[in-house]
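Peer 1: I'll drop the sequence and a predicted model, then ask my questions.
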Amino acid sequence: MSQSASTVFIVDDDTSVLKSLSRLLRSARLNSVAFSSPQEFLDGYSPHTAGCLVLDVAMPGLDGLQLQQALIAKGSEIPIIFLTGHGDIPMSVRAMKRGAVDFLTKPVNGEDLLKAIHTAMETDRANRQTRAELDDIRQRESTLTPREREVMRCVISGALNKRIAQLLGIAEKTVKVHRGRVMQKMAARSVAELVSLCREAGITPIPVA
């Protein structure tokens, strides 16, 4: 996904800041949407929209750090760049520990902000690609029968067909059939690739020792 297809969300209760940041982003040919409060952003934001969030820290009502926490609670992984004129080191540490991409002080340098935004958008692109790949693996895994899933977990443990047959109480030729179907359904060209797919999806091997 290209950065030109992404959106930079700006949340700040200062309308002059919203206008100046919107102008900066337009000049850099970046799509942006401005919100004057965290609640307004939450009401209009869809996690399906690619991009990043440029967020003021000190705002009345729900502040920036609280909005960050609310997004985390919702399962959103949108990269956040914090802007503040009132920030301190403990505040920035809390923000960064929760996954913030950067923490910049106002008045923000335009070049620094654009650099942080491009980093955030690349982070979002990579995260979305990882999630898409994981969803694809899980979709493949969902097509397996319970027995095929058992055989797969034995295969990724390194067990040979004879040992798998003993463990599951089935014929060795039946193991071969299931194993072939597993490789086909998981679109794995080798056992090493199957192991890698299962590791990525959190599928654990069955102990065979």
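Peer 2: It's in. Computed from a prediction, not measured in an experiment: that's the story for all the values here.

Peer 1: now the longest helix seen in the chain: buried residues?
Peer 2: The residue-count maximum for a helix in the chain (DSSP state H) belongs to helix 110-142. For helix 110-142, a neighbour-count test (16 or more other C-beta atoms under 10 Å) marks 113, 114, 116, 117, 120, 121, 123, 124, 125, 137, 140, 141 as buried. Every residue, glycine included, has its C-beta placed from N, CA and C.

Peer 1: wait, the third one sits on residue 102?
Peer 2: Yep, that's residue 116 we're talking about. Yes: using C-beta atoms under 8 Å, residue 116 is in contact with residue 102, at 4.2 Å.

Peer 1: between these two, what contacts are shared?
Peer 2: residue 81 (C-beta atoms under 8 Å, 6 or more residues apart in numbering).

Peer 1: report how many residues lie close to residue 162.
Peer 2: By the criterion of other C-beta atoms under 10 Å, residue 162 has 10 neighbours.

Peer 1: give me the below-cutoff pLDDT ranges for this protein.
Peer 2: Counting by pLDDT under 70, the ranges of the chain that qualify are 1-4, 86-89.

Peer 1: centre-most residue in it?
Peer 2: Centrality entry for the chain: nearest residue to the mean C-alpha point is residue 127, 3.7 Å, by C-alpha atoms, centre = their mean.

Peer 1: list the contacts for residue 165?
Peer 2: With C-beta under 8 Å, 6+ apart, residue 165 has these contacts: 171, 172, 174, 175.

Peer 1: looking at the residues you listed, which has the most residues close by?
Peer 2: residue 175 (24 neighbours).

Peer 1: verify the stated contact: that residue with residue 163.
Peer 2: No: under the criterion of C-beta under 8 Å, residue 175 is not in contact with residue 163, lying 9.2 Å apart.

Peer 1: give the contact list for residue 112.
Peer 2: residue 104.

Peer 1: mind doing that once more with 10 Å?
Peer 2: 81, 102, 104, 105 (C-beta atoms under 10 Å, 6 or more residues apart in numbering).

Peer 1: reformat those residues as a markdown table; add distance to residue 154 and neighbour count.
Peer 2: A markdown table is the format used below for those (distance: C-beta to C-beta, whole Å; neighbours: other C-beta atoms under 10 Å):
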| residue | distance to residue 154 | neighbour count |
| --- | --- | --- |
| 81 | 47 | 23 |
| 102 | 46 | 20 |
| 104 | 52 | 17 |
| 105 | 56 | 15 |
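
Peer 1: for the residue sitting furthest away from the middle of the chain, grab phi and psi.
Peer 2: For the chain, the residue at maximal distance from the C-alpha centroid (C-alpha atoms, centre = their mean) is residue 171, at 42.2 Å. With angles defined as degrees, to the nearest 10, residue 171 sits at phi -70, psi 150.
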